[in-house]
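1. here is my input, please return the structure:
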Amino acid sequence: MALQEGGKAPDFDLEGSDGQRHRLADYAGRVLVLYFYPKDNTPGCSKEACSFRELFAELQQRGVTLLGVSKDSLASHDRFIEKFGLPFVLLSDPDCVVQTAYGAYGEKVMYGKKTMGTLRSTVVIGPDGSVLKHWPQVRKAEEHPAEVVAYLRSL
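-> Sure thing, here's the model as predicted:
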């Protein structure tokens, strides 16, 4: 399912690394960045998370909430957060329900073989719950957070 920029963002209800449940409605009136990534503690995902970490203060200054989403467990998220000093919440989507709703789960090619899995992608959701921007396939994980912040600066 492809997200439509300008359309309503799919609702979600997931457990977070902060011990809280997170729902789209919790972020009404705020800009929310959801970034979907395949797996904690893997090279590309670690680089992306660390790049978001380096830009986190600016996101906070702009009143933007950042949430990372993967199918990893909360225990895995806790280790990932501790290892890299991540200052933002990671959500656990073990059944890939939210990833599927956001177009972040599907067929991809790994090492020349087709497989099903998480598609690295990012969605910016506006204060009214609409999709402002969608990157359906992030190619350069380490550079992508700067692209997201550049977009937010243009708002």
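
2. next, the buried residues of the strand or helix carrying G117.
-> Taking DSSP states H and E as the definition, one finds G117 inside strand 113-118. Of the residues in strand 113-118, those buried by neighbour count under the rule 16 or more other C-beta atoms under 10 Å are 117-118. For glycine as for every other residue, the C-beta is placed from the backbone atoms N, C-alpha and C.

3. now find how far off-centre that strand is within its chain.
-> How far strand 113-118 lies from its chain's middle: 19 Å, per C-alpha atoms, centre = their mean, to the nearest Å.

4. same for that strand, what does it pack against?
-> Other elements packing on strand 113-118 under the criterion 3 or more C-beta pairs under 8 Å, 6 or more residues apart in numbering; DSSP states H and E are strand 105-110.

5. try 10 Å this time
-> Other elements packing on strand 113-118 under the criterion 3 or more C-beta pairs under 10 Å, 6 or more residues apart in numbering; DSSP states H and E are helix 97-101, strand 105-110.

6. how far off strand 105-110 does the helix or strand following it point, in degrees?
-> On the C-terminal side of strand 113-118, the nearest following helix or strand under DSSP H and E is strand 121-125. With axes from the mean of the first three to the mean of the last three C-alpha atoms, to 10 degrees as the criterion, the two stretches strand 121-125 and strand 105-110 enclose an angle of 150 degrees.

7. pull strand 121-125 out as PDB, backbone CA atoms only.
-> Output of strand 121-125 as PDB, limited to C-alpha atoms (Å, rounded to 0.1, in the frame of the first residue of the first chain):
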ATOM      1  CA  SER A 121      11.500   4.400   4.800                       C
ATOM      2  CA  THR A 122      10.400   7.600   6.500                       C
ATOM      3  CA  VAL A 123       7.100   9.400   6.900                       C
ATOM      4  CA  VAL A 124       6.600  13.000   8.100                       C
ATOM      5  CA  ILE A 125       3.100  13.500   9.600                       C
END
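
8. tell me what it is packed against?
-> The contact analysis (3+ C-beta pairs under 10 Å, 6+ apart) places strand 121-125 against strand 31-36, strand 64-70, strand 131-135, helix 144-153.

9. tell me the contacts of the nearest residue to L24 once chain neighbours are set aside?
-> Nearest in space to L24, with sequence neighbours left out and distances taken as C-beta to C-beta, 6 or more residues apart in numbering, is D11 at 4.8 Å. Counting by C-beta atoms under 10 Å, 6 or more residues apart in numbering, D11 touches 23-25, 98, 101, 129.
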